[in-house]
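K.L.:
heads up, no residue letters with this:
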């Protein structure tokens, strides 16, 4: 096992009604917060009213930044920072899913940074301090509620880049699965694909040495296969929603990549899809993942895919290894289809126009530590397979 | 899933040589610490010298409390508190296994408490504040390095009681598996049984609703079955030691009991064994656990035991449920035997003399939320089965 540091210090209040703990938590650190949210679903599902009641009850003042985009833009981050400075705010309260929380992390760090916040995603600066961040989660998908990573888009340059820093980890996250019971099937499906993709990126690593990380990854994948369809069929199945939500946090909070070398592939390819076309992240991942699997399957990698097939898809241990590996990939494709997710880029209106440029941009990330190193040509080929 | 709060805020530096991070971590909170340790093995395995070098390099002064007992005594806790007050210490550095860390937690809380520290285990007071606690772990077993629980003995009254409080959670723990490579087989075996027992106590709960908790429990148990014998056969097998160490922390840090009702049975029975006879904790657990399983096996519980048999012992899914459950219990007994652990109380010099009193004392704990509620007579019967 490789050396690592475990420091997941976010306090999570999990379960129905846990928003009642929000006010005391915020008030213990902050007196005036920026409330960040998206398109307004929080005004229908009770999150907004619940948060406002909590802040009022604990004497916390606030300003609001509504309208965060599904792929949050650097311009919105800049507006949030402006509000923090203008109003002397000392904390950020994110009400929403991964986009809102990612945007909030960039604001939290940017408010204490003497420069332009695009420096963080561009890799020109690393956040060293941030305002305390509180989140109330409304969707099980990105895991942003329990990690220190943010993905921000710059539509002017067709760029979508991630950054992360310990100071951006949420201080407190309220995870109430009942808020997700009103999500439409398409979002539940995309969220499930996102959770699975995070897990698969961590799972398919060059070396296996951390037994718990590998087995937890398999458990998260099985949970998605079990509870994703349940949540789509019966949207207010609380236990299905709760298990998906807890899986989402653990798919990406760091537990799965501790002690082993991990390099993500599919996310880097997908980021170019959404940078160029604004496609839903989970949908892009569901399209690309099985094609990436098919492309990297080889004599060298088939054992790992076969193990995945046994542990996640219950394939017969006695099957020949290659057959098992191929069946596992087919099962992955079929599962995403069964959730109602598109299977091809064509279905979401993407053609090959920008493939060369997208592949080149994706490859600027480090692909040397990935499960199978990929060249620009490899990435372009995977895009083509996905048409 | 039941509501819960997740707050495992201990920072863990895991891996070979990670003691190099100790000095900076201690110095960030404390300037004069109490160094707590046991019988002196830390002077042979490099832990003492490494810690001293770190404290010196970062200008941290210290006093020493050596000689903590395998079942740490309240008299030793009192001595530690006296030293903290006399010398104006502002932190505790525990070098050792679970006993040393448990003792250190009681000192850390007791030093800031205006009363006798036995009030905590006796349930007369709950710690509200504590000195910051740093640990360097030398044995994979109790998980004390990543939880807030301590077990303290009072030989005058044959009492051994646990207490826990958020303020007792270690701030930083150094987990270097290489320190455990010099452990004798008997201690590795007892530690493995301890890890498995913690996991089983969490696993056998009245209701299953937290998918990740249940699957993680099964993964920890499989890891013990895989790596326990490896570490005994090849003591310096680093990966075996590393996986056992990481499993030990996760068996009891709270992850396994979140979102489900859990009540421990075997530990409460075992505490009376070690309170009356000073038997090694893991040995007592290994003796009692399979007998507890046999005693509580019924039509109501056999499904859970059958699932345990499939997931941990690889038993054929097609076997009849009762047969699978019984085979799982036999496998558990046989595994502990294969580690060289005693199978009966007789082997460790315990007879029925105190069974009635031990059962009565064990039953003062709450057995109403346990997997199967037990009466004083039930507990006495399990002791008898273990002779």
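P.N.:
Yes, it's here. Just so it is clear, the structure is predicted and the values come from calculations on it, not from any experiment.
K.L.:
What ranges does the stretch 101-250 of chain A have for its strands?
P.N.:
Using DSSP state E, counting those that start in this stretch, the strands of the stretch 101-250 of chain A run over A:133-137, A:149-154, A:159-164, A:172-175.
K.L.:
now the ones you listed in a markdown table, with distance to residue B:216?
P.N.:
Where C-beta positions appear, they are placed from N, C-alpha and C, glycine not excepted. Shown next, in a markdown table, are the strands of the stretch 101-250 of chain A (distance: least, CB to CB, whole Å):
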| stretch | distance to residue B:216 |
| --- | --- |
| strand A:133-137 | 21 |
| strand A:149-154 | 23 |
| strand A:159-164 | 25 |
| strand A:172-175 | 18 |
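K.L.:
Domain map for chain A?
P.N.:
For chain A, the structural domains run A:11-179, A:185-385, going by automatic domain parsing.
K.L.:
May I ask which helix or strand encompasses residue A:64?
P.N.:
strand A:61-65 (DSSP states H and E).
K.L.:
Which strands and helices lie in contact with that strand?
P.N.:
Where contact means 3 or more CB pairs under 8 Å, 6 or more residues apart in numbering or on different chains; DSSP states H and E, strand A:61-65 is packed against strand A:32-36, helix A:74-87.
K.L.:
now for these, which one comes closest to chain B?
P.N.:
strand A:32-36 (21.1 Å; CB to the nearest CB).
K.L.:
Listing partners with orientation, what would you give for the closest one?
P.N.:
Strand pairing for strand A:32-36, using DSSP bridges, gives strand A:61-65 (parallel), strand A:91-96 (parallel).
K.L.:
From the chain's centroid, how far away is that strand?
P.N.:
Centroid separation for strand A:32-36 versus its chain: 22 Å, with CA atoms, centre = their mean, to the nearest Å.
K.L.:
that older thread, okay, the helices and strands packed on strand A:61-65, which one's buried deepest?
P.N.:
strand A:32-36 (a mean of 25; mean count of other CB atoms under 10 Å in any protein chain shown).
K.L.:
could you point out which element follows that one?
P.N.:
helix A:47-57.
K.L.:
and the angle for that following helix with strand A:133-137?
P.N.:
Angle of helix A:47-57 versus strand A:133-137, following axes from the mean of the first three to the mean of the last three CA atoms, to 10 degrees, is 140 degrees.
K.L.:
Buried residues in helix A:47-57, which are they?
P.N.:
The neighbour-count check on helix A:47-57 (16 or more other CB atoms under 10 Å in any protein chain shown) flags A:47, A:48, A:50, A:51, A:54, A:55 as buried.
K.L.:
go on, stretch A:266-283?
P.N.:
For stretch A:266-283, burial by neighbour count (16+ other CB under 10 Å) applies to A:266-276, A:279-283.
K.L.:
Equivalent analysis for stretch A:227-239, please.
P.N.:
A:227, A:228, A:229, A:230, A:231, A:232, A:235, A:237, A:238, A:239.
K.L.:
on that earlier part again, so which of the buried residues of stretch A:266-283 sit within helices?
P.N.:
Mapping the buried residues of stretch A:266-283 onto helices (DSSP state H) picks out A:266-276, A:281-283.
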